[in-house]
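Chemist: Just need the structure, nothing else, for what follows:
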Amino acid sequence: MSASDLPLFRAVLYRDDEATPRELALPSDVDVPPSRIRIPSEFAGASAFDVFELIDDRDWPGQATYRLTSTVPRSTDDLPEHERDSLGGTGDDLSDPEPRY
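Modeler: Here you go, the predicted model:
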């Protein structure tokens, strides 16, 4: 089954600094929602990811609700060794285009 064939669920993401939650449609082929979702972001101008923890799964499998618990800066040390070696100087975009869960 390809990623485009997987069923989707709506992840509702709450942040303390935003009045309205963000929503993402994410693929899911499991019986329980992921306990944690990581979303690419920025921290002080550097590549980072926001970590959201599951707070409500009563509407699963259609929806799960998450709250931001931390923002973690990334560095080239976070990349696999073969990708670190291929980086050629400053200005590389280390952000991950896809959410991780």
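Chemist: Can you give me the neighbour number for Ser47?
Modeler: By other Cβ atoms under 10 Å, 18 other residues sit near Ser47. For the C-beta atoms, the positions are set from N, CA and C on the backbone; glycine is no exception.
Chemist: What's the first helix or strand after the host helix or strand of it?
Modeler: Using DSSP states H and E, the element containing Ser47 is strand 46-56. Sequence order places strand 63-73 as the next helix or strand after strand 46-56, per DSSP H and E.
Chemist: Show me what that next one is packed against.
Modeler: strand 8-14, strand 36-43, strand 46-56 (3 or more Cβ pairs under 8 Å, 6 or more residues apart in numbering; DSSP states H and E).
Chemist: Any stretches of this structure with poor pLDDT?
Modeler: Low-confidence segments of the chain, defined by pLDDT under 70: 1-4, 75-101.
Chemist: wait, what's in contact with the residue nearest to Glu42 when sequence neighbours are not counted?
Modeler: Nearest residue to Glu42, sequence neighbours excluded (Cβ to Cβ, 6 or more residues apart in numbering): Ala48, at 5.8 Å. Ala48 sits next to 40-42, 71-74 when contact means Cβ atoms under 8 Å, 6 or more residues apart in numbering.
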